[in-house]
Structures are given as structure tokens and as C-alpha cells.
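In: model the following, please.
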Amino acid sequence: MVSVRKLVNNPVSIVGPHLASGMTALDIGSGMGFFTIPMAQIVGASGRVVAVDLQPEMLAGLDRNARRAGCDNITLQQCDAQSLGLGQWDDAIDFALMFYMLHEVPDPRGTAEQVCAALKPGGRALLAEPIVHVSQADFRRSVGLMTRAGLAVVDRPRIPISRAVVLQKRAAA
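Out: Residues are numbered from 1 along each chain as shown. Model prediction:
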């Protein structure tokens with residue numbers, strides 16, 4: 001049975017255009033794997049998905065769900081309120097997903113900077129926030145944080161009940 005969430009925000013439709021086999025992807029605020037598992041299936045055995053979440057229970061649930069789905073290319077990363085803990089992934093990520101999470105973090109500027117550091121030059125990030133919780137003005141401020149961190153807006157995809165942008169890391173000067 002297909003969930004209402006998948007009907008409204010189909011993970012393959014949302015992340016599929018940004019991923020390819022062999023990529024290294026990042027899912028920040030992964031929860032139990034709604035996006036992580038489809039991302040892992042798209043990047044395939046030669047790729048990797050780093051799933052970051054604050055709650056160990058969510059990561060444990062994701063681990064169970066990933067094993068059930070036959071995905072062994074997911075790295076689980078528990079973060080804390082101050083840091084995503086991504087230092088080992090600096091300049092290694094092809095695509096980062098920040099879906100409905102930036103408005104939840106205590107330090108959105110720090111999160112933007114850490115995501116930018118993790119992305120390879122030319123790497124992309126999809127930022128999406130729910131229209132019911134994040135005003136247009138607040139979303140513009142979030143996009144501003146991302147651009148000041150070193151990313152440039154390259155697309156504005158239409159995602160139901162969401163405000164969204166795709167950003168790309170500028171090449172090093």
C-alpha cells in the first residue's frame with residue numbers, strides 16, 4: 001500500500017533527477033529512511049548515502065528498514081545539536097538533501113556551512129521546507145544562509161506543499 005506521504009512527496013521523483021549510480025549522497029534529518037533508502041537504491045552498490053540524524057532511535061529504525069530493503073550502502077551518522085559531524089566527508093558529497101529540516105535546527109547558519117564544506121565543488125543540495133511551517137520570508141533567509149556559505153541557486157523545483165531550491169557549490173577560486 002502506498003502511503004499518502006509518498007503520493008504527495010514521492011522520494012524518487014524528488015531526488016531521482018539529482019542522483020546517479022556511483023554518487024555519494026547525504027540525507028540530513030534522515031529519520032527512518034523515507035528518502036535515504038530510495039537514494040541508496042538510485043546510487044547503487046558503487047555509491048553511498050550518508051544518513052544523518054540527531055535521534056539514535058531514528059537511525060536504528062533506518063538501519064532495520066535498510067536491511068529489509070537490501071541496502072548495504074548507507075552510512076549512519078548521529079549528529080548533535082551543534083554539529084552534523086561531517087568532517088570526514090568534506091569535499092566528498094555529490095548531492096545533499098535537506099528536506100523539511102533546516103527550520104528545526106538551532107544553528108541553521110552552521111548547518112549551511114557544514115553542508116557546503118561536505119559538498120564537492122559543483123556538488124548540489126536540495127533545500128525544501130514546508131509551506132505550512134516556513135514563511136516565504138523565512139525561506140528566503142534560509143536560502144540566503146546557503147548562498148553566503150558558498151552555494152548558488154541553480155533551480156527552483158516544484159515540490160507539492162513545499163518551498164524548494166537546488167543549490168550548487170561554487171568552484172574553488
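In: partners of the longest strand belonging to the chain in the sheet?
Out: In the chain, with assignment by DSSP state E, the single longest strand is strand 119-130. Paired strands of strand 119-130, with direction, are strand 93-99 (parallel), strand 162-169 (antiparallel) (DSSP bridges).
In: any idea how far that strand is from the chain center?
Out: Relative to its chain's centre, strand 119-130 lies at 7 Å (C-alpha atoms, centre = their mean, to the nearest Å).
In: list the buried ones in the helix or strand following it?
Out: Downstream of strand 119-130, the next assigned helix or strand under DSSP states H and E is helix 136-149. Neighbour-count burial for helix 136-149 flags 139, 142, 143, 145, 146, 147, 149 (criterion: 16 or more other C-beta atoms under 10 Å). The way it works is simple: take the backbone N, C-alpha and C, and place the C-beta from them, glycine included.
In: and if you look at stretch 15-22?
Out: Those would be 15, 18, 19, for stretch 15-22 by 16+ other C-beta under 10 Å.
In: returning to that earlier point: now the longest strand of the chain: mean pLDDT?
Out: For strand 119-130, the mean pLDDT works out to 97.
In: coming back round to it: quick one, which of the strands paired with strand 119-130 gets closest to residue 65.
Out: Residue 65 sits nearest to strand 93-99 of all the strands paired with strand 119-130, at 16.6 Å, using C-beta to C-beta.
In: the inter-axis angle of the closest one versus helix 136-149?
Out: Between strand 93-99 and helix 136-149, the angle comes out at 160 degrees (axes from the mean of the first three to the mean of the last three C-alpha atoms, to 10 degrees).
In: what's the neighbour count on residue 106?
Out: By the measure other C-beta atoms under 10 Å, the count of residues near residue 106 is 8.
In: now do the contacts for it.
Out: 81, 82 (C-beta atoms under 8 Å, 6 or more residues apart in numbering).
In: mind listing the helices for this protein?
Out: 4-8, 11-15, 36-43, 56-69, 108-118, 136-149 (DSSP state H).
In: show me what contacts the residue nearest the centre of the chain?
Out: Per C-alpha atoms, centre = their mean, the C-alpha nearest to the average position across the chain is that of residue 97, at 1.6 Å. Going by C-beta under 8 Å, 6+ apart, residue 97 touches 15, 25, 26, 27, 28, 35, 39, 125, 126.
In: ok, it to residue 137 distance?
Out: Using C-beta to C-beta, to the nearest Å, residue 97 is found at 23 Å from residue 137.
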